[in-house]
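>>> Please find the sequence and the predicted model below.
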Amino acid sequence: VEELLRKAKAGHDAPLAGIFPGAGHPSRRWPIERFAELARMLERNDQVRAILFAGPEERALVREARSKLPASTIVLDRLTIPQLAAAAARLSVFVSNDTGPMHIAAAVGTPVVVLMEHHPMFNCYIPPGERHRVVVARTVGDIPVEAAYAAARAAFTTERASSLFSS
């Protein structure tokens with residue numbers, strides 16, 4: 001993973017935001033155009049570089065996303081689960097639909113932003129802890145980019161502040 005990031009010129013200094021646009025069912029996917037706009041906002045406003053993560057099921061999404069995401073976006077779409085965990089550990093924040101990779105990112109200590117539709121038991125699907133954010137709406141497609149951006153920014157800003165004072 002370090003070699004892949006080095007080739008993509010992702011230094012250890014620059015903050016990285018992971019985005020995972022996939023989900024088991026299309027109704028649980030936030031639109032790829034919104035992920036792209038989120039990546040642009042993070043890059044423009046916060047100098048955060050995006051990494052698009054995808055598995056074999058998301059190959060079509062990756063093709064669609066490449067034309068919409070900022071040119072600086074790193075695409076990692078052929079990782080094993082241990083490689084995904086290693087890459088997620090390098091991130092300042094991981095923004096995802098309700099998916100397995102989101103739980104992997106949370107498990108390695110990365111703050112996550114979960115984008116999901118509201119249903120009676122939605123709280124049982126989110127990782128515990130104050131560092132994680134959940135953005136819910138009637139449907140995942142109803143979530144505005146601004147809400148996802150605010151949650152992502154709050155997650156990585158809180159993480160940066162706590163790491164500054166823990167040294």
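Structure received. Residues are numbered from 1 along each chain as shown.

>>> Mind listing the residues bridging to the most centrally placed residue in the chain?
The centroid of the chain falls nearest to Val95 when counting by CA atoms, centre = their mean (2.5 Å). Beta-bridge partners for Val95, by DSSP bridges, are Ile19, Val113.

>>> Let me know whether it touches Ala152 as I believe.
Yes - the pair Val95 / Ala152 is scored as a contact, 5.4 Å apart, by CB atoms under 8 Å. Heads up, the C-betas are built off the backbone N, CA and C, glycines and all.

>>> which neighbours do these two share?
Common contact partners of Val95 and Ala152 (CB atoms under 8 Å, 6 or more residues apart in numbering): 17, 38, 113.

>>> Can I get those in a markdown table including pLDDT, neighbour count and distance to Thr73?
Below are the shared contacts of Val95 and Ala152 laid out as a markdown table (pLDDT from 0 to 100; neighbours: other CB atoms under 10 Å; distance: CB to CB, whole Å):
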| residue | pLDDT | neighbour count | distance to Thr73 |
| --- | --- | --- | --- |
| Ala17 | 96 | 24 | 10 |
| Leu38 | 97 | 24 | 11 |
| Val113 | 96 | 28 | 17 |
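
>>> Which single one of these is nearest to Ser67?
Taking CB to CB as the measure, Leu38 is the one of the shared contacts of Val95 and Ala152 closest to Ser67, at 16.0 Å.

>>> For the closest one, which residues are in contact?
Going by CB under 8 Å, 6+ apart, the list of residues near Leu38 reads 19, 50, 95, 145, 148-149, 152.
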